[in-house]
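Visitor: my questions are about this predicted structure, shown below with the sequence.
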Amino acid sequence: MERRQKQIAGGVGSLLLCASAGWAIYDQVGANEQAEQSVVDLKAEIAAGRRLVETTPEKERQVIVLRELDPVFAEILPDSSEVNELIKTFYRYSGEAGVEPSSFQSKPDAARGKTESDFSKVAYTLSLAGDTFQFLDFLDRIETHRRFMAVPRFTLQAASRREMEELGYARHRIQMDVETYVYSPSDLAQRIRVEGYDRKRELLTSEINRRRQALTLSTFHYRGSRGRRDPWIDPRVPADDNPSGLSVPEQNAKVEALVNLLGQAGGQWDKVQNAPDVLTRMLLRRDMLASLGLIGASLVEVDAMGLVTFTPAVKRLELEVRQPLVALRLEIDATSYVEGPSTEELEQVAKSMHTHLTAGRYGLALATFAEVVDGLPLVKGDGPRELLVARLEMLAEEAEVLRDFEAIQMGFGGSALIGGRPAVVILNGRSWTLGDVMPQGVEVLEIRPREVDFAFRGFVLTRHF
Amino acid sequence: MMITINLLPPEMRKRSGPPIKMLALVAGITSVACALLTAWGWLALGEAAEIESRRLQLSLEMDGLRPQIKYNEALDAEIKVAVAREATLADINKSRILWSEKIDQLVDIVNSGNEVEHFTWLDDLTVRQDVARRGSDTHGSLRAAGHSGSERWDQVANFLEDIEDRELTDFMREFHSTGRPEGNINEPDDELIPAVNWSFPLSLELLGPQERWDARQASEEAAANAAKQPSTSTPSPQEKH
């Protein structure tokens, strides 16, 4: 029995041993599989890491480019210490542009604290007064300021006609919001060191410049009013402030004609400069000076008779006729070999004065003379031109005497021409005989029926009644 | 029944051994146990060690790679912040309209009528640039109350035509179309020239920031191309009229 028990015990023990060994194998297989899996995972991690590391050079390039854009941000956007400078800038710009500010109010940033950003908005509402061109100048200075500034909202209320008449200039009421963004980078301290930064940056110069260019602020170059009328000013003219009675289209047409004439003169000047020979040049120059003389005479007429009173037309006349005419004359003078007005110009002026004198337009004749009088002393020593100058001076004197003589009031009361008795004429309620000198220095020379000859400043002048 | 009785003294008797079957069984079990132990030994000491050795090798490799990955991730984080910053500034820049340019162009347009094609002036101007809300297509507007100083009320249409005229100015680059002309005649004032004038509204809706930016880019590109070919340059307002 003891033996039998031993056998059974031995058998059970062997079975247990086998079972334990089997379990140990099973456990070891599981552990090995797990270890194998961790190896596979590690391999995958390494592969992924390698792939990630392969992108490092590209990321370094990106970081370098982006870091190099930082000065652009700092250049475009103010930092928090510069916010007060804004007000000083507005003050300076308002003085330079000529607008009159009446208030500046800070506007709270509605988005502040809601989103995390390196940019925080700073906004002001400005109220000011001025004409459109002053406002445009102010606006342009703000929008082209070296720091980014935007105007997202503004209103302009035109000055009333009455206000314009009282002040003589426009004071439109303007309210505008101006905003900018303060730049406070939060990641500067956390930046990792890039090996060989300077060398790598050198290789990326063109990319950096391209990206900087893309961030450059758009600008606009405002070139002033340029003779344009303010659209927020009522341009209608009072009906009683128009001595010539010309309508707006007629005044515009007159200015248009002068603009065209000046354009032709400019074309003629180009031809003069490009003339193939001296003779042609002389002929072309004569024609051009005749055109300039005509424009000058027309301007004199326009001024003397108040033909252009409509403000936009007056401005256009100034901008497109008077100023270019002066510029053209200066250009011609600069290329002229002789000093003072040329023979052709003097001839043209003489002809024009003669025409005015014949037509009884003494004031216009004098105004035409005034166009060249400053240059007359320069012709001294040039025989032919001196003769023309002498003629012009004589014509001017004649025009002056005739104008003054015409201005003398002579109320004709009748005349008596009786044989054997001295002839008598009644002027201004008094009788005058031959040789009498009237208060204005006019001497009675001869009396005929409804006609009297007078001596006035060395000239014999006849007045018809 | 026969009974066999062994009467030999115990030391003389024939010794009886374990049965053959038992022996075979014991031997079998022992062999299996040995085989199993051998297999376990191979798994535990051979294969597992080999795996562990590979794992250690890979761990070392990973340790070498880890600083590079960390460096890469740091670069990534910096790129993310900087790109967002660049995009924000670009958006701010894109959404800006240079109103000095727009108003200057409007002045050009008003003056381009030369008081013949149209004779226009304005009472006010309201400009509002909005950030579009979700589901809304409104980006802002420009509104003004205008007057046309002429009996010819078709001059309002001339003015709106000039506003749309891309050869005259680029004013409409940032706006949707002007819409249809409307107007009301005002009481004639015989003390002024011209006595008759018509009131009309000017109302323009802004395009979205991206559309405005694209339009601006296209316009600047066209201007650059035109500058390269001076003979095909567009006429100025004064030349046109």
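Guide: Cool, the structure landed. Numbers count the residues shown, from 1 in each chain, chains lettered A, B, ... in the order given.
Visitor: by residue count, tell me the biggest helix in chain A.
Guide: helix A:2-54 (DSSP state H).
Visitor: mean confidence for that one?
Guide: Average pLDDT, helix A:2-54: 88.
Visitor: just list what that helix packs against, helices and strands only.
Guide: With contacts defined as 3 or more Cβ pairs under 8 Å, 6 or more residues apart in numbering or on different chains; DSSP states H and E, the packing partners of helix A:2-54 are helix B:20-41, helix B:48-95. Just so you know, the C-beta spots here come from the backbone N, C-alpha and C atoms, and that holds for glycine as well.
Visitor: can you redo those as a markdown table with distance to A:D79 and mean neighbour count?
Guide: Converted to a markdown table, these look like this (distance: least, Cβ to Cβ, whole Å; neighbours: other Cβ atoms under 10 Å in any protein chain shown):
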| stretch | distance to A:D79 | mean neighbour count |
| --- | --- | --- |
| helix B:20-41 | 72 | 14 |
| helix B:48-95 | 14 | 15 |
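Visitor: returning to that earlier point: and the longest helix of chain A, how far from the chain's centre?
Guide: On the basis of Cα atoms, centre = their mean, to the nearest Å, helix A:2-54 sits 90 Å off its chain's mean C-alpha point.
Visitor: between that helix and helix B:20-41, what angle do the directions make?
Guide: Counting by axes from the mean of the first three to the mean of the last three Cα atoms, to 10 degrees, helix A:2-54 lies at 20 degrees to helix B:20-41.
Visitor: tell me the buried residues in the helix or strand just after helix A:2-54?
Guide: Remark: after helix A:2-54, the chain's next helix or strand is helix A:56-76, criterion DSSP states H and E. Applying a neighbour-count criterion of 16 or more other Cβ atoms under 10 Å in any protein chain shown, one finds A:56, A:59-70, A:72-73, A:75-76 buried in helix A:56-76.
Visitor: could the helices and strands packed on helix A:2-54 be laid out in JSON lines, adding mean pLDDT and distance to A:E406?
Guide: Shown next, in JSON lines, are those (pLDDT from 0 to 100; distance: least, Cβ to Cβ, whole Å):
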{"stretch": "helix B:20-41", "mean pLDDT": "84", "distance to A:E406": "143"}
{"stretch": "helix B:48-95", "mean pLDDT": "90", "distance to A:E406": "71"}
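Visitor: distance to A:L378 added to those, as TSV?
Guide: As requested, these are exported to TSV (distance: least, Cβ to Cβ, whole Å):
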stretch	distance to A:L378
helix B:20-41	127
helix B:48-95	59
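Visitor: of all these, which lies closest to A:N260?
Guide: In terms of Cβ to Cβ, the element of the helices and strands packed on helix A:2-54 nearest to A:N260 is helix B:48-95, at 44.7 Å.
Visitor: tell me the angle of that closest one relative to helix A:2-54?
Guide: 30 degrees.
Visitor: in chain B, what residue is nearest chain A?
Guide: Among the residues of chain B, B:L36 lies closest to chain A, at 3.2 Å counting by Cβ to the nearest Cβ.
Visitor: OK, contacts around that residue?
Guide: B:L36 makes contact with A:18, A:21-22, A:24-25, according to Cβ atoms under 8 Å, 6 or more residues apart in numbering or on different chains.
Visitor: do you know how far it is from A:A19?
Guide: 9 Å (Cβ to Cβ, to the nearest Å).
Visitor: ok, B:Q129 next?
Guide: For B:Q129, the distance to A:A19 - Cβ to Cβ - is 84 Å.
Visitor: name the SS class of residue 126, please.
Guide: Went with chain A since none was named. Of the three states, A:L126 takes strand according to DSSP: H, G, I helix; E, B strand; the rest coil.
Visitor: the intended chain is chain B.
Guide: Per three-state DSSP, B:T126 ends up strand.
Visitor: show the contacting residues for it.
Guide: A:154-156, B:141-144.
Visitor: contacts for stretch B:76-83, please.
Guide: Under Cβ under 8 Å, 6+ apart, the answer for stretch B:76-83 is A:59, A:62-63, A:66-67, A:69-70, A:118, A:186-187, A:190-192.
Visitor: swap in 10 Å and give it another go.
Guide: For stretch B:76-83, contacts defined as Cβ atoms under 10 Å, 6 or more residues apart in numbering or on different chains pick out A:52, A:55-56, A:59-60, A:62-63, A:65-67, A:69-70, A:73, A:118, A:185-187, A:190-192, A:194.
Visitor: which non-adjacent residue is nearest residue 177?
Guide: Here I'm looking at chain A. Closest residue in space to A:D177, ignoring its immediate chain neighbours: A:R153 at 4.4 Å, by Cβ to Cβ, 6 or more residues apart in numbering or on different chains.
Visitor: other chain: chain B
Guide: B:S177's closest residue in space is B:E164 (Cβ to Cβ, 6+ apart), at 7.2 Å.
Visitor: that neighbour: neighbouring residues, count only.
Guide: 14 (other Cβ atoms under 10 Å in any protein chain shown).
Visitor: report the contact partners of it.
Guide: Here B:E164 is in contact with B:109, B:171-172, B:175, B:177-178 (criterion: Cβ under 10 Å, 6+ apart).
Visitor: near chain B, anything from stretch A:295-302?
Guide: No: using Cβ under 10 Å from any Cβ of the partner chain, no contact is recorded between stretch A:295-302 and chain B, whose separation bottoms out at 17.2 Å.
Visitor: just the CA atoms of that stretch, as CSV, please.
Guide: C-alpha atoms of stretch A:295-302 as CSV (Å, rounded to 0.1, in the frame of the first residue of the first chain):
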residue,chain,number,x,y,z
ILE,A,295,-3.8,133.9,-74.6
GLY,A,296,-2.3,136.8,-72.6
ALA,A,297,-4.8,139.2,-74.3
SER,A,298,-7.7,136.8,-73.6
LEU,A,299,-6.7,136.6,-69.9
VAL,A,300,-6.6,140.3,-69.7
GLU,A,301,-10.0,140.5,-71.2
VAL,A,302,-11.3,137.8,-68.8
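Visitor: show me the domain layout of the chain.
Guide: Answering for chain A, as no chain was given. The record assigns chain A these domain ranges, following automatic domain parsing: A:2-54, A:73-215, A:248-407, A:412-464.
Visitor: if you could check chain B rather than the one you did, that'd help
Guide: Looking at automatic domain parsing, the domains of chain B come to B:21-95, B:99-240.
Visitor: what stretches of chain B score poorly on pLDDT?
Guide: Within chain B, the stretches with pLDDT under 70 are B:1, B:14-18, B:132, B:134-135, B:229-241.
Visitor: so which strand or helix has A:H145?
Guide: Applying DSSP H and E, one finds A:H145 in no helix or strand.
Visitor: ok, now how distant is it from chain B?
Guide: Going from A:H145 to chain B by Cβ to the nearest Cβ, to the nearest Å gives 12 Å.
Visitor: hey, where'd the helices end up in the stretch 351-465 of chain A?
Guide: Ranges of helices in the stretch 351-465 of chain A, per DSSP state H, counting those that start in this stretch, are A:362-372, A:383-407.
Visitor: measure how the last one sits relative to helix A:362-372, angle-wise.
Guide: Right, the one you point to is helix A:383-407. Relative orientation of helix A:383-407 versus helix A:362-372 (the same axes, to 10 degrees): 150 degrees.
Visitor: what's the mean pLDDT across stretch A:71-83?
Guide: 79.
Visitor: which residue does the stretch 1-150 of chain A bring closest to chain B?
Guide: For the stretch 1-150 of chain A, Cβ to the nearest Cβ, closest residue to chain B: A:A21, 3.2 Å.
Visitor: touching, that residue and B:L37? I think so.
Guide: Yes: when contacts are counted by Cβ atoms under 10 Å, A:A21 is listed as touching B:L37 (5.1 Å).
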